[in-house]
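> pasting a predicted model and its sequence here:
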Amino acid sequence: MTPPPYVLSQGVLAAIGNALSQAFTVGIGTSHEANKPHHEARPRVPSVRQRSKAQRPIEGHARTIVEGRWGMCEFTGKCANIIQSWNPAVLGLLDSLPYDEEVVVWGRRWIVKTSTLGERHGYGVYACEDIIVEDSTSCRREGPTLFPYGGPIYKRRHWNMKLTQHPEWKTFALEMDTFAGSTRRHNDGRVIDGDPIRSGNIAGFINSTMGTQPKRRANCEWVFVEGPLPAPYGQTYHEDHCLVIATRTIRSGDELFTHYEWN
């Protein structure tokens, strides 16, 4: 005998329908947050620290190309950022020094041509007029001023950083704080870059008497001086500088010699 069909009451059917409705709503991910009004996303403004960091140049990508005695040289990274430009006019020097032509530097005539010491020494500086120095030892550091030793000045640590990329630069530089009269400590020392020597730095062509055969006598020296340059070249203040001073009489046609160690 077939049993009679099971008939659900209206209350049970309503409960089942309500449960199915809630299950369906949760399944499609609907929530009460969906009813909130939608706002457009505003662009994020970086903080001051982030902006300064973004604007800071990347040292690893910095590049500077300069001309030296051995051609064009490239400096990179932090070293590229410390390379200084050189303006010879600041010290009353020429923008460039031609070879085998008379030039006037600080009111005196000079000529740069092949040195009497031979090819190893390259060029030398020759006087084109007499420069008289009184024959007295007391005048050694009081002789006539010839011209300054010109070039950009670097802190010692920056100079050493420069040499790590181009060691050949050390062959022509002047450590200005090793002279008598300088009060700077060794760690605070500075170096005058004499490269390229044709850019106004006529002192760079003065050759040393060290090891010369026959032995040459020095007729000038480099002297450390505190304070600005003498008139009319001292309009721009310089805390100190190095000058070339005549130590004995120099005749027209004589090559300038001083005494220093060189590599």
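Looks like it arrived, so ask away.

> how many residues are close by residue 122?
14 (other Cβ atoms under 10 Å). For glycine as for every other residue, the C-beta is placed from the backbone atoms N, C-alpha and C.

> ignore what I typed, I meant residue 157.
Neighbours of residue 157 under the rule other Cβ under 10 Å: 12.

> one more: residue 261?
With other Cβ under 10 Å as criterion, residue 261 counts 7.

> same check, this time on residue 145
Using other Cβ under 10 Å, residue 145 has 17 other residues around it.

> grab the nearest non-local neighbour of it.
residue 243 (5.4 Å; Cβ to Cβ, 6 or more residues apart in numbering).

> gap between that neighbour and residue 112?
For residue 243, the distance to residue 112 (Cβ to Cβ, to the nearest Å) stands at 19 Å.

> can you tell me how far the residue nearest to residue 145 is from residue 91?
10 Å.

> which of the two has more neighbours?
residue 91 (23 against 20).

> the more buried one reaches residue 150, doesn't it?
Yes: counting by Cβ atoms under 8 Å, residue 91 touches residue 150, with 4.8 Å between them.

> before we move on, the earlier item: quick one: contacts for the residue nearest to residue 145?
By Cβ atoms under 8 Å, 6 or more residues apart in numbering, the contact set of residue 243 is 145-149, 222-223, 225.

> show the model's pLDDT score for residue 122.
With respect to pLDDT, residue 122 scores 86.

> for residue 222, same thing?
Here, the pLDDT recorded for residue 222 equals 91.

> average pLDDT for the host helix or strand of the residue nearest to residue 145?
For residue 243, the host element (DSSP states H and E) is strand 240-246. The pLDDT scores in strand 240-246 average 90.

> what ranges do the strands span in the chain?
63-68, 71-76, 102-105, 108-114, 123-127, 145-148, 153-155, 173-175, 190-193, 207-208, 220-226, 240-246, 257-258 (DSSP state E).

> what's the closest of the ones you listed to residue 133?
The closest approach between residue 133 and any of the strands of the chain, judged by Cβ to Cβ, belongs to strand 240-246 at 5.3 Å.

> let me know the angle separating the closest one from strand 220-226.
Relative orientation of strand 240-246 and strand 220-226, computed by axes from the mean of the first three to the mean of the last three Cα atoms, to 10 degrees: 150 degrees.
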